[in-house]
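Engineer: Here is the input, now give the coordinates:
(chains A and B)
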Protein chains: 2
Amino acid sequence: MKQGENNIVYGSVLRTISEYNLISENEHIVIGLSGGADSLCLFDILCRLSDSMNLKLYPVHINHGLREEACEDEKFCTKLCADKNIECRVYGFDCEEYAREKNISTEEAGRILRYTAFAEVFDEIAEGGTPREKIKIAVAQNADDRAETVLFRIMRGTGTDGLVGIKHMRCDEQGRQIIRPLLDTYKSDINEYCELQGLNPQIDKTNFEEIYNRNRIRLSLIPLIEEKYNPEFKKALNRLALSAEEDRLFLENLACDELEKITKNFSKEANKIILSGVDISELDPSIRRRVIAQALKKIGMIADMGFAHYKACDDIISSTLPSVSVNLPNGYVICKEYEDIALLKADTSAADAYLERISVRNRSVDNPSTKNDSVQLLLLDADKLKAEYGENALASIKVRKRRPGDIMAFPFGHKKLQNLFVDRKIPKFDRDRIIILAIGSEVLGYFLVDENSSASVETKYTQVSDVLRLDDDTKTYISVELTVSV
Amino acid sequence: MKQGENNIVYGSVLRTISEYNLISENEHIVIGLSGGADSLCLFDILCRLSDSMNLKLYPVHINHGLREEACEDEKFCTKLCADKNIECRVYGFDCEEYAREKNISTEEAGRILRYTAFAEVFDEIAEGGTPREKIKIAVAQNADDRAETVLFRIMRGTGTDGLVGIKHMRCDEQGRQIIRPLLDTYKSDINEYCELQGLNPQIDKTNFEEIYNRNRIRLSLIPLIEEKYNPEFKKALNRLALSAEEDRLFLENLACDELEKITKNFSKEANKIILSGVDISELDPSIRRRVIAQALKKIGMIADMGFAHYKACDDIISSTLPSVSVNLPNGYVICKEYEDIALLKADTSAADAYLERISVRNRSVDNPSTKNDSVQLLLLDADKLKAEYGENALASIKVRKRRPGDIMAFPFGHKKLQNLFVDRKIPKFDRDRIIILAIGSEVLGYFLVDENSSASVETKYTQVSDVLRLDDDTKTYISVELTVSV
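Structural biologist: So this is what the prediction gives:
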């Protein structure tokens, strides 16, 4: 046994790796190597492991270009790897510029660029023929980091799921596995390991990249609580995180099964999922919350849902109204559509795009041909139109979305458009996307193009005012057409 | 509508009552009435509610006898109730003496005595013919209290279940429902309510009864975090508690179902429950933890299990050894007994009591009668005994528990008692309770009285050394007897 392998830290990291199945034999491990104590310790331990487990290591150093020492760190890391005959990939980024460009914090910029580089190396290995499940990205967060994250979240406000803080393993959106073998090891032990092994940590840049609150939590609040309340406070936070991780894993798996059971319709392309309203209302609140979170994730939402958002979802689900909706983060919406609960990206731009492509033409029954690149969506009798709304009616017709006060003419009077929608059980979400043909507040007809019918243009709802319908006497008519190609 | 009923606090308390089904019509409510702002607010709101919901209120004032103002508080409360024509029950206790007697903190003494008084009033109402489910005990903990409790637990170390802090409703061990209608209302709002309603809160004694750490958390740590990190910190803690309450309710119900499924044997009297080892090992860790907690509660354990205890249980459950055990709090034990997992109160006193009631007598085959109040448990050939161990063997026989190094004679040599136990698959827990008949380290025989067989005394395991067995030539024998009555 070589020096270091009977070390407490080495044993503890091995236990974490085995308990959470982080690494198996013959795997390819991309390692973030900043030159700080955490990443040096991780790299050193993985180097020791690589012999017995036949691992192939790909250290990646990111030169964030933030400080003068950055070049020193780069040299240090490349030399360290060269001494072990391992290639060190170096990526240079200008984090500050990227941050300015994207209007995000320098810390967030660094995080994004780091993971982009890791992903690039990952994909390169995969393209070389290694199965993706045999490649891991190893990063060096430790138990202190986890404790800080948990405390930060508690203070900022979190539900139980947020208490997990940092997970031992997660997958990014492309399914790349990111592992944290040092997550159960404390900073003090890592520093001691580095000293014992003669590693020579550079000043850890990440300390300076943290946002101000996080640094204060680390440097001021945690030491205060350790001194005055509980010297084992960080351990308490980590145990809480582990307990939350267990619960979360279990509840999320359950929610995943439930979501499958109650999904009535799901379209990733349309960013829309429809759930059975009865089934979701019967779920336990604890599971319902997670079903909603997973459903939103499926249709592309990545923002965190707050307590108030889940509360709003509960209100929608338990509402006795047939058709209500509430906005969620990132432009997503939850709607009650009679028997169903729909979650969707409230993308009115699609409907707006249709609006621009619609033309209203005067046509004659003798020559009903439409151009090839158009679809007829709505037909109104032109003579009846003139009789009802005057000779200039055609010029006054507007194509628009619905407005309060819209009414529609029937042989024996007018009806409110709103009431017609309710009678036809048109969901609120669809009502906002319906295209209206109107003169002032008088609605001549309306329709909704079904965005889910890809092969041909179809309408989901269509209605023409009774007093404008085509009949056997019709000679000319108004054709509302959608341009389908250019 | 009377003054006060359009107040925000009144509305918020009503919402809490309705959301958690705390109070229904025609119920009897025992109320803790200290005279402090919280209990005054609660009492005032319940008085307003009592008309519309036809509630009967039983305010209970506890004079803790701790401070000079105590008598003032008592007068204040009795007068307040008298003005409303409601009887106020007053209990006087000497908390300090009780605390000394029981060797607990004054705060804990106060808590126990308070709830004892509430329970007494509860039982009195029940004896008057009111169904127990129509009686509630209402106490005045508020959202600040909950936030403090949650933070206190986080700092001291807790799993996710402990985050619930204080529940809206709980049942005591005799099934009395204790409700907390103010749990979603903050102290500042309660104070404002008291001022608006012209209530005149006495200085809240409970503030002085809190243990030192709790007071520091309230007066120093929470204000610090509110000032420097998040002015809404208490709300964040309460939301976390609500989220934990949802999860806990769901997971505990699930664990309850699972426990029922995997229970092989349960005896409340013997403080023992036996679970299927395979089934429990297949449970998700998150559920397993709660199944163990509930199983322990069923057999009478009331202490909190720590993180390390659950870890130890996992180790026992996943152990490949056939027979291992670990101590849990309050003298409870978890044992792996081959295919089973047993949880039980490690009450060796029962075995010790048997030990005291055992006598070893010399009897003759011609006159085998035992006294009526004895049961013969083990018989050894007296002549063989003398031949093996000398003339004075009988006087040298000791009745005791097992010891390391114990051996047993067989025709062709000795075997270790430990190995015999393993061969016979005697669980470790039973091994410690087995009664041994020995001369020095030579075991002549052993047996275990089955404490679960109530009708007659039966032995669970018995073995006599092969070289001492009774046979057709036996003339006198050694009878090991248990006195069953006096």
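Engineer: How far off centre is stretch A:297-304?
Structural biologist: Centroid displacement of stretch A:297-304 relative to its chain, using CA atoms, centre = their mean, to the nearest Å, is 3 Å.
Engineer: Please identify the buried residues of it?
Structural biologist: By neighbour count on 16 or more other CB atoms under 10 Å in any protein chain shown, the buried set for stretch A:297-304 is A:298-299, A:301. Where C-beta positions appear, they are placed from N, C-alpha and C, glycine not excepted.
Engineer: State the mean pLDDT of it.
Structural biologist: Average pLDDT, stretch A:297-304: 83.
Engineer: still on that earlier bit, ok, so of the buried residues of stretch A:297-304, who is nearest residue B:338?
Structural biologist: residue A:298 (45.9 Å; CB to CB).
Engineer: show me where the stretch 251-400 of chain A has strands.
Structural biologist: A:263-267, A:272-276, A:323-327, A:332-337, A:340-345, A:358-364, A:374-381, A:398-400 (DSSP state E, counting those that start in this stretch).
Engineer: Rebuild these as TSV, extending it with mean neighbour count.
Structural biologist: Shown next, in TSV, are the strands of the stretch 251-400 of chain A (neighbours: other CB atoms under 10 Å in any protein chain shown):
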stretch	mean neighbour count
strand A:263-267	14
strand A:272-276	21
strand A:323-327	17
strand A:332-337	22
strand A:340-345	22
strand A:358-364	14
strand A:374-381	20
strand A:398-400	13
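Engineer: Out of those strands, which gets nearest to residue B:263?
Structural biologist: Across these, closest to residue B:263 is strand A:272-276 (CB to CB), at 34.8 Å.
Engineer: ok, which residues in the stretch 251-400 of chain A are in contact with chain B?
Structural biologist: A:251, A:253, A:284-287, A:289, A:307 (CB under 8 Å from any CB of the partner chain).
Engineer: quick one, what contacts the closest residue to chain B within the stretch 301-450 of chain A?
Structural biologist: Ranking the residues of the stretch 301-450 of chain A by distance to chain B (CB to the nearest CB) places residue A:307 first, at 4.7 Å. Contacts for residue A:307 (CB atoms under 8 Å, 6 or more residues apart in numbering or on different chains) come out as A:157, A:159, B:239, B:242-243.
Engineer: Residue A:425 now?
Structural biologist: By CB under 8 Å, 6+ apart, residue A:425 lies in contact with A:322-323, A:338.
Engineer: how does it look with 6 Å?
Structural biologist: residue A:338 (CB atoms under 6 Å, 6 or more residues apart in numbering or on different chains).
Engineer: can I assume it sits in a helix?
Structural biologist: No. If the criterion is DSSP: H, G, I helix; E, B strand; the rest coil, then residue A:425 is coil and not within a helix.
Engineer: Now it. Its backbone dihedrals?
Structural biologist: Main-chain torsions, residue A:425, degrees, to the nearest 10: phi 60, psi 40.
Engineer: was I right about residue A:265 contacting residue A:274?
Structural biologist: Yes. Contact between residue A:265 and residue A:274 holds when scored by CB atoms under 6 Å: they sit 4.1 Å apart.
Engineer: Spatially central residue for chain A, please.
Structural biologist: residue A:302 (1.8 Å; CA atoms, centre = their mean).
Engineer: picking up where we left off before, just send the contacts of residue A:307 back as JSON lines, with secondary structure and distance to residue A:402 too.
Structural biologist: Shown next, in JSON lines, are those (DSSP: H, G, I helix; E, B strand; the rest coil; distance: CB to CB, whole Å):
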{"residue": "A:157", "secondary structure": "coil", "distance to residue A:402": "38"}
{"residue": "A:159", "secondary structure": "coil", "distance to residue A:402": "37"}
{"residue": "B:239", "secondary structure": "helix", "distance to residue A:402": "37"}
{"residue": "B:242", "secondary structure": "helix", "distance to residue A:402": "39"}
{"residue": "B:243", "secondary structure": "helix", "distance to residue A:402": "39"}
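Engineer: Out of the residues you listed, which two sit at the greatest distance?
Structural biologist: Pairwise over the contacts of residue A:307, using CB to CB, the maximum falls at A:157 and B:242, 11.4 Å.
Engineer: ok, the two, which is more surrounded?
Structural biologist: Regarding residue A:157 and residue B:242, a neighbour count based on other CB atoms under 10 Å in any protein chain shown identifies residue B:242 as having more, with 22 against 18.
Engineer: between the strands of the stretch 251-400 of chain A, which gets nearest to residue B:387?
Structural biologist: Comparing the strands of the stretch 251-400 of chain A under CB to CB, the one sitting nearest is strand A:263-267, at 82.3 Å.
Engineer: what lines up beside the closest one in the sheet?
Structural biologist: According to DSSP bridges, strand A:263-267 forms sheet pairs with strand A:272-276 (antiparallel).
Engineer: Determine the angle, from 0 to 180 degrees, between the partner strand and strand A:340-345.
Structural biologist: Per axes from the mean of the first three to the mean of the last three CA atoms, to 10 degrees, the angle that strand A:272-276 makes with strand A:340-345 is 160 degrees.
Engineer: Averaged pLDDT, strand A:272-276. What do you get?
Structural biologist: 93.
Engineer: Name the surrounding residues that touch it.
Structural biologist: Contacts for strand A:272-276 (CB under 6 Å, 6+ apart): A:262-266, A:295, A:299, A:340-344.
Engineer: Could I get those residues in JSON lines, plus columns for distance to residue A:388?
Structural biologist: Shown next, in JSON lines, are the contacts of strand A:272-276 (distance: CB to CB, whole Å):
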{"residue": "A:262", "distance to residue A:388": "47"}
{"residue": "A:263", "distance to residue A:388": "46"}
{"residue": "A:264", "distance to residue A:388": "41"}
{"residue": "A:265", "distance to residue A:388": "40"}
{"residue": "A:266", "distance to residue A:388": "44"}
{"residue": "A:295", "distance to residue A:388": "46"}
{"residue": "A:299", "distance to residue A:388": "43"}
{"residue": "A:340", "distance to residue A:388": "37"}
{"residue": "A:341", "distance to residue A:388": "41"}
{"residue": "A:342", "distance to residue A:388": "37"}
{"residue": "A:343", "distance to residue A:388": "42"}
{"residue": "A:344", "distance to residue A:388": "37"}
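Engineer: on that earlier part again, lowest average pLDDT across the strands of the stretch 251-400 of chain A?
Structural biologist: strand A:323-327 (a mean of 81).
Engineer: need the helix or strand of chain A with the lowest average pLDDT.
Structural biologist: Least confident helix or strand, chain A: helix A:206-209 with a mean of 51, by mean pLDDT, DSSP states H and E.
Engineer: Next SSE downstream of that one?
Structural biologist: On the C-terminal side of helix A:206-209, the closest following helix or strand by DSSP states H and E is helix A:212-216.
Engineer: who's in contact with that next one?
Structural biologist: residue A:152.
Engineer: tell me the average confidence for the following helix or strand past that helix?
Structural biologist: Following helix A:212-216 in sequence order, the next helix or strand is helix A:222-228 (DSSP H and E). Confidence over helix A:222-228 (mean pLDDT, whole number) is 91.
Engineer: quick one: buried residues of helix A:222-228?
Structural biologist: For helix A:222-228, by 16+ other CB under 10 Å, it's A:222, A:225.
Engineer: Brilliant, that's me finished.
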